[in-house]
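Engineer: Provided below for reference: sequence and predicted model.
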Amino acid sequence: MRDSETLLLQQARVSTDLQDGLMRTRMVQFHNLAPRLRRVVRQTAEELGKQVELEVSGESSELDRSVLDRMMAPLEHMLRNAIAHGIELPEQRRRAGKPEAGRVRMTIVREAGEIVIKVEDDGDGVNLETITRKARSLGLIGDDDKLSNQDIMQFILKSGFSTADTITQISGRGVGMDIVAAEVRELGGVLDIESTRGQGTLFTVRLPFTLAINQALLVQAGEDIYAVPLTSIEGITRLSVGTLQEKYAQDAPVHEYATNVYELRHLGSLLGSSAPALDEEPHIMYPVLLVRAGERRFALQVEGVFGNREVVVKPVGPQISKVRGISGATILGDGRVALILDPVGLMRGDPGIHAAYRSVDPSVAAALERTVTVMVVDDSITIRMVTSRMLERNNFAVMTAKDGIDAVSQLRESVPDVVLLDIEMPRMDGYELATYIRNNEQLREIPIIMITSRTGAKHRDRAMEIGVNRFMGKPYQETELLQNINDIMAACPRGASSMSGTY
């Protein structure tokens, strides 16, 4: 037995060393991607005629590669949003007594098992009155509804919601911050918004240090086993049945512990299952988790605690990942699957906000969810991939086709808002596809941008005779292509509302 115990101990040490080495290989420093973010700030400020400086603190902080890769697009959205909606024009800043050049500060720090990313600007702040008017015009809230400032700010995270007066490539289409919120939620993180009118806005993102392995506490709620990340648990206490009965009899049950006040809930009831009846002897004790969710604290009663485990986080798929309060799943030693809870997401919902969202007119809701779709037709897989990623970073939905025949097949099922078209392709070239689109009654209104290495006058003239809207040469400039798409969408009011067949 001693030999076996020694071997098991050695094996555990080897496994721990391998795991630590694996985690180190997954870590990358943030400063490798800082130049990309500075370029986004520079391009956005130039397009809007503003002067903006980006300060990055904590560039040497290490993040899990998978977390950083998935957060790059949301971080770009946050920076664009700060410049478009927060930073004022130079003359406005001068009148307000501010420096003409706005400042956006990004800070990356590690706190315990979390990575905290803060994006703060010194702009005009969130205009709550404008958001309220827009929400009422869309039917999200009624004229008599009274919401707190924090609840009102949550509307900017709603898909399709924008306070911009005009639609541009940077703002006005209602996409951006909803993508940020969705990605942070899928990563098991939390997004907080703080704003002071005239002084600026602060976005705080809290993410797990790694998506691969997490320290979690296994608990039982009803008949099911769940894993709760240790980073969200402040402590564990026990309450008797008699005490719980007295507290649950109150309108707003709370539990006081260590000078803090915790809202008392049963974990099973929050997850949609009924809380078990407390009909046992009054002296029987139940474990209660003391959880902090942002600025709020909750005491979650459970039926049992099975100790902490080092769990491997598994994705749960797009269907379950959209369920509030679930950040992943893990496989237990006996083969059972335990869902990993996100206590912050579980507590984040507010009945008033959800009731207001449900009251939206179906036609309005459908319009809010609509996104501009671009079809990229090119026989080069590299061009298709590069263009698709660039468009997706800028909030477009993308369809790709390898030649004209492939495009025709897809156009029978889905109709995009814009087509980016190459000339030289096998089976059906760009001229033939453009002719097909212009001669088809259902497709003839689709704007076409032809992007080709054949930039001679005869090629341009032939494209214009067919009815191509814009003609660009390869290699194209990203800003020029986005400007062309933006101009075409502004000149075609039909846009996604009437040309989108089945997305």
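Structural biologist: In hand now; what should we look at?
Engineer: alpha carbons only for contacts and neighbour counts from here, please
Structural biologist: Will do.
Engineer: In the stretch 201-350 of the chain, where is pLDDT below threshold?
Structural biologist: Scanning the stretch 201-350 of the chain for pLDDT under 70 picks out the ranges 209-213, 272-280, 293-295, 315, 317-319, 321-324, 344-345, 347-350.
Engineer: where exactly do the strands run in it?
Structural biologist: Per DSSP state E, counting those that start in this stretch, the stretch 201-350 of the chain carries strands over the ranges 213-221, 224-229, 233-240, 254-257, 260-266, 285-293, 296-301, 304-312, 326-331, 337-341.
Engineer: how about those, which one is nearest residue 447?
Structural biologist: Nearest to residue 447 among the strands of the stretch 201-350 of the chain is strand 326-331; the distance by C-alpha to C-alpha comes to 40.7 Å.
Engineer: Give the buried residues for the closest one.
Structural biologist: For strand 326-331, the neighbour count (16 or more other C-alpha atoms under 10 Å) marks 326-330 as buried.
Engineer: okay, and for the stretch 51-200 of the chain, where does confidence drop off?
Structural biologist: Across the stretch 51-200 of the chain, the ranges flagged by pLDDT under 70 are 112-113, 159-176, 188.
Engineer: can you map out the strands along it?
Structural biologist: 52-57, 62-64, 102-111, 114-121, 190-196, 200-208.
Engineer: again with the stretch 351-500 of the chain
Structural biologist: With DSSP E, counting those that start in this stretch as the criterion, the stretch 351-500 of the chain has strands at 373-377, 397-401, 418-421, 448-452, 470-473.
Engineer: Just tell me which of the ones you listed ends up closest to residue 264.
Structural biologist: Closest to residue 264 of the strands of the stretch 351-500 of the chain is strand 397-401 (C-alpha to C-alpha; 43.1 Å).
Engineer: mind listing what residue 450 touches?
Structural biologist: Taking C-alpha atoms under 8 Å, 6 or more residues apart in numbering, we find residue 450 in contact with 420-423, 430, 463, 468-472.
Engineer: Between all of the buried residues of strand 326-331, which two are at the greatest distance?
Structural biologist: The largest separation in the buried residues of strand 326-331, counting by C-alpha to C-alpha, is between 326 and 330 at 11.6 Å.
Engineer: Which neighbours do those two have in common?
Structural biologist: 339-340.
Engineer: Could you break the protein into its assigned domains?
Structural biologist: Annotated domains of the chain cover 25-208, 213-347, 370-499 [automatic domain parsing].
Engineer: Which helix runs longest in this structure?
Structural biologist: Longest helix in the chain, counting residues (DSSP state H): helix 2-26.
Engineer: Return the list of strands paired to the following helix or strand past that one, each annotated with direction.
Structural biologist: Next along the chain after helix 2-26, taking DSSP states H and E as the criterion, comes strand 27-29. Strands adjacent to strand 27-29 in the sheet, as given by DSSP bridges, are strand 62-64 (antiparallel).
Engineer: Now for residue 136: which residues touch it?
Structural biologist: Residue 136 neighbours (C-alpha under 8 Å, 6+ apart): 142-143.
Engineer: Between the strands of the stretch 351-500 of the chain, which one is closest to residue 32.
Structural biologist: Between residue 32 and the strands of the stretch 351-500 of the chain, the shortest separation by C-alpha to C-alpha is 27.7 Å, and it involves strand 397-401.
Engineer: Next, count neighbours for the residue nearest to residue 70 when sequence neighbours are not counted.
Structural biologist: With sequence-adjacent residues excluded and distances taken as C-alpha to C-alpha, 6 or more residues apart in numbering, residue 70 is closest to residue 183, at 7.5 Å. When neighbours are counted by other C-alpha atoms under 10 Å, residue 183 registers 17.
Engineer: There's contact between residue 183 and residue 73 in this structure, I believe.
Structural biologist: No: the pair residue 183 / residue 73 is not scored as a contact, 9.2 Å apart, by C-alpha atoms under 8 Å.
Engineer: Which pair of the contacts of residue 450 spans the longest distance?
Structural biologist: Farthest pair in the contacts of residue 450 (C-alpha to C-alpha) is 423 and 469. Separation: 14.3 Å.
Engineer: the more surrounded of those two?
Structural biologist: Taking other C-alpha under 10 Å, residue 423 and residue 469 do not tie; residue 423 has more neighbours (24 against 14).
Engineer: wait, isn't that one in contact with residue 452?
Structural biologist: Yes: between residue 423 and residue 452 there is a contact at 6.0 Å, judged by C-alpha under 8 Å.
Engineer: buried sites along stretch 25-44?
Structural biologist: 27-30, 37-38, 41-42, 44.
Engineer: thinking again about what came up before, relative to residue 14, which of the domains of the chain is closest?
Structural biologist: Among those, the nearest to residue 14 by C-alpha to C-alpha is domain 213-347 (15.8 Å).
Engineer: Who are the contact partners of residue 157?
Structural biologist: Residue 157 neighbours (C-alpha under 8 Å, 6+ apart): 177-178, 180-181.
Engineer: Buried ones from those, can you make that a PyMOL selection?
Structural biologist: If you want just the buried ones from these in PyMOL, going by 16+ other C-alpha under 10 Å, the selection is:
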select buried, resi 177+178+180+181
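Engineer: Relative to residue 381, which of the contacts of residue 157 is nearest.
Structural biologist: Within the contacts of residue 157, proximity to residue 381 (C-alpha to C-alpha) peaks at residue 180, which comes in at 28.3 Å.
Engineer: The strands of the stretch 201-350 of the chain: which one's closest to residue 189?
Structural biologist: strand 326-331 (8.4 Å).
Engineer: Quick one: list the elements packing against the closest one.
Structural biologist: Judged by 3 or more C-alpha pairs under 8 Å, 6 or more residues apart in numbering; DSSP states H and E, the packing partners of strand 326-331 are strand 304-312, helix 317-321, strand 337-341.
Engineer: what does it contact?
Structural biologist: 185-188, 311-316, 320-321, 337-342, 345-346.
Engineer: Now, of these, which are buried?
Structural biologist: Buried by 16+ other C-alpha under 10 Å: 185-188, 311-314, 316, 321, 338-342, 345-346, out of those.
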